[in-house]
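> Predicted model, plus sequence, below.
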Amino acid sequence: QVQLVESGGGLVQPGGSLKLSCTVSGSIIRFNDLQWHRQAPGKERELVAAIARGGSTNYAESAKGRFTISRDNTKNATYLQMNNLKPEDTAVYYCNLPWATVQTTRGIMTQEFWGQGTQVTVSS
């Protein structure tokens, strides 16, 4: 069984910073990309940032210049440093493993996994 556990969310004032963490555990054989998505009330879930195993990154326009995604392959972890936060950044942030090769009771399979989400609220 694969688990993605996020932490680091909370309440912050506009202009403040937060750092989200996500740790991946379980019977994983191989995976590449790690991503952060977010979903604000009444809106669709959107990609915020992605990072490949080699370190190449991709950001949503709204995140460029303010957010930084990183990863530690030795810990199967990814991080999202968020600076200069704005009220419109308020959302539930989800860690995502777009595909992973895993060992299951039915054999080796490729699946997508999501964390449970962590709430980020930017408000004065």
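Done, it's in.
> Contacts for the worst-scoring helix or strand of the chain on mean pLDDT, please.
Within the chain, no helix or strand scores below strand 28-31, which has a mean of 90 by mean pLDDT, DSSP states H and E. Residues outside strand 28-31 that contact it (C-beta atoms under 8 Å, 6 or more residues apart in numbering) are 2, 24, 53, 76, 97, 99, 100, 101, 102, 103, 108. For the C-beta atoms, the positions are set from N, CA and C on the backbone; glycine is no exception.
> Quick check: the second one vs residue 115, distance?
The reference is to residue 24. 9 Å (C-beta to C-beta, to the nearest Å).
> Mutual contacts of these two, please.
Listed as contacting both residue 24 and residue 115 by C-beta under 8 Å, 6+ apart are 4, 95.
> What separation do you get for residue 79 and residue 68?
Distance, residue 79 to residue 68, by C-beta to C-beta: 8 Å.
> Among those two, which residue is more densely surrounded?
A direct count of neighbours by other C-beta atoms under 10 Å for residue 79 and residue 68 places residue 79 higher, at 19 against 16.
> Contact partners for the more buried one?
19, 20, 21, 22, 69, 70, 71, 72.
> again with residue 69
34, 36, 49, 50, 51, 57, 59, 78, 79, 80, 81.
> Please identify the pairing partners of the helix or strand containing it and their relative orientation?
Here residue 69 sits within strand 67-72, counting by DSSP states H and E. Paired strands of strand 67-72, with direction, are strand 77-82 (antiparallel) (DSSP bridges).
> So which bits of the helix or strand just after the strand it pairs with are buried?
Under the assignment DSSP H and E, the closest C-terminal helix or strand after strand 77-82 is strand 91-104. For strand 91-104, a neighbour-count test (16 or more other C-beta atoms under 10 Å) marks 91, 92, 93, 94, 95, 96, 97, 100, 102 as buried.
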